[in-house]
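**Student:** Need a 3D model of the sequence below.
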Amino acid sequence: MKPRAFSGQGLAASPVLVGAVTLLVTIVAVFLSYNANSGLPFVPTYDLEARVPNAANLVVGNDVRIGGSRVGSVSKIEPIPGSDGAKPSAVLHLKLDTSVEPLPIDTTLMVRPRSALGLKYVELTPGKAWVGFEAGATVPVTQATPMPVEIDDVFNIFDEGTRRGSQQSLNGFGTGLAGRGKDLNEALTEFRPLLADLEPVARNLADPRTQLARLFPALEATAAEVAPVAETQAALFGNLDTTFTALASVARPYLQQFISESPPTMRQAIDDFPRQRPFLRNSAAFFAELRPGISTLPSSAPVLADTFEIGQRTLVRTPPLNRQLASVFDSLAEFADDPLVPAGIRRLRDTARSLRPTIAFLTPVQTRCNYVTLLFRNAGSLFSEGDGNGTGQRFVIVSPPTGPNAESGPSSAPANGPEPDNYLHSNPYPNTASPGQPQECEAGNESYATGRQVIGNQPGNQGTRVDRTGAASAGRRP
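**Tutor:** Next up, the predicted model:
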């Protein structure tokens, strides 16, 4: 009997064989898909271990990236408990592509967040060394850069006490600055001449010819000289009090008449005593200058008497103060002798010079647009005013617009329709009437352009009309 030749129709005609092949292909595909993150089988890899102080929520299968490109994955994570007081750490088993082999031995690594949802990856930063890690080597923990700040760490800062303190601070700033717009405007306006005047003063103080270091020892010596005669000075003020009290009773009309008659008398004396003319001329000028002051003695003498009486009691107590001032002036003398003091004064002068253009640019922000007081007033109201449901700051669900490049998903360009609300409006640097800008307070006054994309400054001039805070404001009331 002649054997029958094999044909492909036999496989296709057998449902069992077709099902078995299909099941086998499916199992292989599932196996390859499941192990894709750990590397395909039979593909060579470059394996390294990395010691890190904290695995930071890493899981097996997380990416390993260089410059944003995936070059491998984390195949295993082993915790290492601390011993002898050392902190615990972890060892990461990295399965990398052979295209990056070998990595320089000064390569650093850091565990970074991939998204706000907690997904992490390992970021490698290759170094510049000529020698590289061999396969199976361990990257030391010293090359694991510090852990980045996690989003939950940021949120944990704002605990109940911090939130309450921030609310009270903002409320205090808002209340404290309300109604003081005029004072703030005047202060900002005066900063420019103040800095201009401070610069030459600082330059003179820093000049070695000023001899600032000798000022404080001289003051110390003066205090030391005055201390022994403090009681004598006190007695002097007491005697002056008695003298001025007596003069107060005869100030009018006697002293007044004496002063009035002194010029004619002096002129007669000049005629009669030519040899005494220089002396008498100076005396006449002296008494002429004293006339306005002497005329006020009837009203000022009682005040001077009280001053001398108080000064007498005060000067008796000055010797202990003068002795205490000696150590103060010694410290000031050491401070003045410090070679860093003139350098600090020069830095203060440079700071004043560098702040002049900044103050010139920022002054219109408040004097023309009133933005500083508006910021604190609104911030204070945001966290302090409200109703039974809470303050004005509440978190609610806001549905983002839909369409191409909308906020609800990734975008490749600014949103530009076609839905009516899917248009990007962004003005990161609004005009604030500062030098070199149009005279307008643009921030907060932009009109909403429906159905149109607006990026940057809005066309046209929005004017300088802004809301007022308190009794005074640089902006005009809308």
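**Student:** How far does the helix or strand containing residue 197 sit from its chain's centre?
**Tutor:** Element membership for residue 197, per DSSP states H and E: helix 181-206. Centre-to-centre, helix 181-206 and its host chain are 21 Å apart (CA atoms, centre = their mean, to the nearest Å).
**Student:** tell me the helices in this protein, going along the chain?
**Tutor:** 9-12, 15-34, 151-157, 160-177, 181-206, 215-226, 230-249, 256-272, 277-295, 297-316, 318-337, 340-367, 371-384 (DSSP state H).
**Student:** The longest one packs against which elements?
**Tutor:** By that I understand helix 340-367. helix 181-206, helix 371-384 (3 or more CB pairs under 8 Å, 6 or more residues apart in numbering; DSSP states H and E). To be clear about C-beta, it is placed using only N, CA and C from the backbone, and glycine gets the same treatment.
**Student:** about what we covered before: the helix holding residue 197: which residues count as buried?
**Tutor:** Residues 181, 184, 185, 188, 191, 195, 198, 199, 202, 205, 206 are the ones in helix 181-206 that count as buried (16 or more other CB atoms under 10 Å).
**Student:** on that earlier part again, winner for burial among the helices of the chain?
**Tutor:** helix 371-384 (a mean of 19; mean count of other CB atoms under 10 Å).
**Student:** hey, C-alpha coordinates of that one in PDB?
**Tutor:** Written as PDB, here are the backbone C-alpha positions of helix 371-384 (Å, rounded to 0.1, in the frame of the first residue of the first chain):
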ATOM      1  CA  TYR A 371      -1.600  96.700  44.200                       C
ATOM      2  CA  VAL A 372       0.200  96.100  47.600                       C
ATOM      3  CA  THR A 373      -2.700  97.100  49.800                       C
ATOM      4  CA  LEU A 374      -5.200  95.400  47.500                       C
ATOM      5  CA  LEU A 375      -3.200  92.200  47.800                       C
ATOM      6  CA  PHE A 376      -3.200  92.200  51.600                       C
ATOM      7  CA  ARG A 377      -6.800  93.300  51.900                       C
ATOM      8  CA  ASN A 378      -8.000  90.500  49.500                       C
ATOM      9  CA  ALA A 379      -5.800  87.900  51.200                       C
ATOM     10  CA  GLY A 380      -7.100  88.900  54.600                       C
ATOM     11  CA  SER A 381     -10.700  88.800  53.400                       C
ATOM     12  CA  LEU A 382     -10.100  85.400  51.700                       C
ATOM     13  CA  PHE A 383      -9.100  83.600  54.900                       C
ATOM     14  CA  SER A 384     -11.200  85.600  57.400                       C
END
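**Student:** Report the mean per-residue pLDDT for it.
**Tutor:** Helix 371-384 shows a mean pLDDT of 76.
**Student:** again with stretch 202-219
**Tutor:** Mean predicted confidence for stretch 202-219 is 85.
**Student:** outside of it, which residues touch it?
**Tutor:** With CB atoms under 8 Å, 6 or more residues apart in numbering as the test, stretch 202-219 has contacts from 329, 332-333, 335-337, 341-342, 345-346, 348-349, 352.
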